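**Q** Turn this into a model:
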Amino acid sequence: MKKICKNIAHLRHLRGLSQEALAEELGITRSRLSSWEEHRAAPPIDMLIELSDYFHISVDSLVKIDLTKVNDLRDLLKIGGNRILFPVMVDQDQNDLIELVPLKASAGYLDGYADAEFIEQLPRISLPYATHGKYRGFPIKGDSMPPLTEGAYVIGTYVEQLDDIKDGNTYIVLTQNDGLVYKRLYNTLDNTGTVQFHSDNKAYLPYEVKAEDIFEVWSFVCSINPTDVQVSDLIYTAIQDIQMKLGERELQAGKA
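**A** From the prediction side, this is the model:
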């Protein structure tokens, strides 16, 4: 309930509305609106729908996301007809922050990709050229896409529509059956309703995935490979520090 109440007050302030003005727009009393904002009551389902329509914010976002942490509410992106909020987080200098999905967390990404708390707990780094978009870093598993090997990271920018996939480019994709994969894609939606997944390692055969089984697509921006001598020491050190801290946290939790 706390997030809902905070969000209502936040959205009202963003619109420059008084409690009286918003209450009138919603057809309720000021005291009722005040009870929501002051955490004394929660709006019922019908009013959540009214608020969703009025502010053009999904009900799911009103309930699950702390909207005060969102840099720009226009960062509401669509995929598969469902509205999913991807807040672009910034540091104290207003630099965009990139979430990194640690290797151990990647196994749970299929269940957590739309869970606000899961995403909020991901570690973050900043890259100077990662601007004007939503970015996320994913760990590489296996040897299907050389020269990247286990332990490398791929930074991707979010792709809103499957139609935006460009033939032959590489993408990080979240699928129903395989979870996170990094592949070279070919858009065959018009002909077959599927996307073709190709590996650069010819030992792996191409395969097709139905559009409805694709949940997220991230277009390749850069890779961070531990064997690449040209990788920025600062960036890779940041990832190593995060992995070390996660390991220490797990060790402490095991001793508790």
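
**Q** Would you mind checking the average pLDDT for stretch 102-117?
**A** Stretch 102-117 comes out with an average pLDDT of 79.

**Q** same thing with stretch 122-137?
**A** Stretch 122-137 carries an average pLDDT of 73.

**Q** surely residue 219 meets residue 155?
**A** No - counting by C-beta atoms under 8 Å, residue 219 does not reach residue 155; the two are 10.0 Å apart. C-beta here means a position set from N, CA and C on the backbone, and glycine is covered the same way.

**Q** Mind checking which of these two has more residues around it?
**A** Comparing residue 219 with residue 155 by other C-beta atoms under 10 Å, the one with more neighbours is residue 155, at 23 against 19.

**Q** Doesn't the more buried one lie inside a strand?
**A** Yes - Residue 155: assigned to a strand according to DSSP: H, G, I helix; E, B strand; the rest coil.

**Q** Contact partners for it?
**A** 98, 127, 130, 135, 136, 137, 220, 221, 222, 223, 224 (C-beta atoms under 8 Å, 6 or more residues apart in numbering).

**Q** who does it bridge with?
**A** residue 137, residue 222 (DSSP bridges).

**Q** What pLDDT is listed against it?
**A** For residue 155, pLDDT reads 88.

**Q** Over to residue 147?
**A** For residue 147, the model assigns a pLDDT of 87.

**Q** Renumber starting at 898 from here on
**A** Happy to do that; since the first residue is 898 now, the last one works out to residue 1044.

**Q** can you list the weak-confidence ranges in this structure?
**A** Within the chain, the ranges that satisfy pLDDT under 70 run 898, 967-993, 1013, 1024-1030, 1122-1153.

**Q** Show me the domain layout of it.
**A** Domain assignment for the chain, taken from automatic domain parsing, gives 899-966, 985-1152.

**Q** before we move on, back to that, so which of the contacts of residue 1052 is the closest to residue 942?
**A** residue 1033 (32.0 Å; C-beta to C-beta).

**Q** need the contact list for that closest one.
**A** Residue 1033 touches 995, 996, 997, 998, 1052, 1053, 1055, 1115, counting by C-beta under 8 Å, 6+ apart.

**Q** Just those residues: which are in strands?
**A** 995, 996, 997, 1052, 1053, 1055, 1115 (DSSP state E).

**Q** For the first one, give the beta-bridge partners.
**A** By that I understand residue 995. residue 1022.

**Q** Residue 1010 reaches residue 1114, doesn't it?
**A** No - counting by C-beta under 8 Å, residue 1010 does not reach residue 1114; the two are 11.8 Å apart.

**Q** right, and residue 1041 touches residue 1095 too?
**A** No - using C-beta under 8 Å, residue 1041 is not in contact with residue 1095; the gap is 9.4 Å.

**Q** any residues in contact with both of those two?
**A** What both residue 1041 and residue 1095 touch, as defined by C-beta under 8 Å, 6+ apart, is the set residue 1080.

**Q** Mind listing the shared neighbours of residue 1116 and residue 1052?
**A** In contact with both residue 1116 and residue 1052: no residue, using C-beta under 8 Å, 6+ apart.

**Q** Quickly list what's touching both of residue 1010 and residue 1114.
**A** With C-beta under 8 Å, 6+ apart as the test, residue 1010 and residue 1114 both reach residue 1071.

**Q** Name the residue in these two with the higher neighbour count.
**A** Here residue 1010 and residue 1114 are compared on neighbour count by other C-beta under 10 Å; more neighbours surround residue 1114, at 22 against 17.

**Q** who touches the closest residue in space to the more buried one that isn't next to it in sequence in this structure?
**A** Nearest residue to residue 1114 in three dimensions, chain neighbours excluded: residue 1056, at 4.1 Å (C-beta to C-beta, 6 or more residues apart in numbering). With contact set as C-beta under 8 Å, 6+ apart, residue 1056 has these partners: 1062, 1068, 1114, 1115, 1116.
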